[in-house]
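Sequence plus predicted model, see below.
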Amino acid sequence: MNKLRKYVGVDIASETFCAAIGQSNEGSWEIKVKATSFKNHYDSFSQFLNWLKDHGVEKRSSILCMEATGVYGEALAYTLVGNGYQVVVEAPLKVKKAFYPTGHKNDRVDSQQIAEYAYRFSDRIQLWQPKTVVIEQLKVLLTLREQLVTQKTSHHNANRALKRKVVRTPLAEQVHEAAIEQLEKHIQEVDQEIKRLIDEDPSSKELYRLFNSIPGIGPTLTPFLIVMVETAPEPYNPKTLAAYIGICPYEDSSGSSRHKQDTSRHFGPSAIRRLLHLAAMSVRQHCPLFERYFQRKVAEGKPKQLVLNNIANKLLRIVCAIARTRTPYIPGFRSVHPSLLSSN
């Protein structure tokens, strides 16, 4: 990355956004251009680009930082990258934790803090790049699928409760059953479209084939893994991904006091965490290697849920290794250090 001269903080809202420009002056931070408001619409982006040019924000020696606000900031991020600017999209919590909660809290102040955040953490931030069309479509379809599954489960549970009532209501039961049938049809259509997109994209198709070679990793979980590998900041680091998904156990202690057993915080995407847990349950029952591991740890006094979480982490490490090497899963594979190999 070239030597940076200016840092632009952008605070995104639904209808507007604020931008402020700062820079380092002999080792001290200062705001050079106070926050200015723009409309958050394609028609106003040219005005923002001209504003950047008027204030000397050079494309290859400046950073434009914004918080991850979903669809609100997506169009602006695409426009800026398309015009050659270096864009960083950071989690709002990371920016918030970098400052003491004092003083005014508004869009103007936030944009200046975001600019300062980019300056202070310029050696750690990663430039944002648009994902491929296939990955963006897969993300939308997977989210839609989870919504449909949730609705189907809700109708199923409500209908089951109605059928246990002494006084039955046939119309209500029929409505729930019709809704379940329609949702199942939509889920099947979404699954077919997901498979079509994967088959038409060589990279996704290859990952689909490789991930399906892993025990317990079925066609429902595989698209989530493909999106994770293509979008995660460190896609081949199992520890980072475990923390991102929410299956990484954390210690909870202070001094000599241990408040409770190490536990996962269950942050991150719930769908992939749930599917990984189901995969861990599957290989624990059907894969002798994992079954022996499970029984050994339980015999040592480990809680069953903890052991299943460990199995999910082991599966995630296998996923990372296969994604990194682009080689299929080999049953019974054992890694051997080169120094232990015979020279004969």
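Yes, it's here. Numbers count the residues shown, from 1 in each chain.

contacts and neighbour counts: CA atoms only from here.
Noted.

after the lowest-mean-pLDDT helix or strand in the chain comes which helix or strand?
Least confident helix or strand, the chain: strand 257-263 with a mean of 57, by mean pLDDT, DSSP states H and E. Elements were assigned by DSSP states H and E; along the chain past strand 257-263, the next helix or strand is helix 270-286.

Figure out how far that following helix is from the centre of its chain.
With C-alpha atoms, centre = their mean, to the nearest Å as the basis, helix 270-286 stands 18 Å off its chain's centre.

Export that helix to CSV, keeping only CA atoms.
Output of helix 270-286 as CSV, limited to C-alpha atoms (Å, rounded to 0.1, in the frame of the first residue of the first chain):
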residue,chain,number,x,y,z
SER,A,270,-26.3,-19.0,13.4
ALA,A,271,-27.2,-21.0,10.3
ILE,A,272,-23.7,-22.3,9.7
ARG,A,273,-23.1,-22.9,13.4
ARG,A,274,-26.3,-25.0,13.6
LEU,A,275,-25.4,-27.0,10.5
LEU,A,276,-21.9,-27.6,11.7
HIS,A,277,-23.3,-29.0,15.0
LEU,A,278,-25.6,-31.3,13.0
ALA,A,279,-22.6,-32.4,11.0
ALA,A,280,-20.6,-33.1,14.2
MET,A,281,-23.5,-35.2,15.5
SER,A,282,-23.6,-37.2,12.2
VAL,A,283,-19.9,-38.0,12.1
ARG,A,284,-20.0,-38.9,15.8
GLN,A,285,-22.5,-41.6,15.0
HIS,A,286,-21.3,-42.8,11.6
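
Give the buried residues for the following helix or strand past it.
Heading C-terminal from helix 270-286, the first helix or strand you meet, by DSSP H and E, is helix 288-299. For helix 288-299, the neighbour count (16 or more other C-alpha atoms under 10 Å) marks 290-291, 294 as buried.

and helix 288-299, average pLDDT?
For helix 288-299, the mean per-residue pLDDT is 93.

With stretch 187-195 instead?
97.

buried ones in it?
For stretch 187-195, the neighbour count (16+ other C-alpha under 10 Å) marks 187, 190-191, 194-195 as buried.

likewise stretch 209-228?
Result for stretch 209-228 [16+ other C-alpha under 10 Å]: buried residues 210-217, 221-228.

Can you show me the CA trace of stretch 200-213 as CSV?
Extracted as CSV, the C-alpha positions of stretch 200-213 are listed here (Å, rounded to 0.1, in the frame of the first residue of the first chain):
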residue,chain,number,x,y,z
GLU,A,200,-22.2,-22.7,-13.5
ASP,A,201,-19.3,-21.2,-11.5
PRO,A,202,-16.0,-23.2,-11.9
SER,A,203,-14.5,-22.1,-8.5
SER,A,204,-17.7,-22.8,-6.5
LYS,A,205,-18.3,-26.1,-8.3
GLU,A,206,-14.8,-27.3,-7.4
LEU,A,207,-15.2,-26.3,-3.7
TYR,A,208,-18.6,-28.0,-3.7
ARG,A,209,-17.0,-31.2,-4.9
LEU,A,210,-14.2,-31.0,-2.4
PHE,A,211,-16.3,-30.1,0.6
ASN,A,212,-18.8,-32.9,-0.1
SER,A,213,-15.9,-35.4,0.2
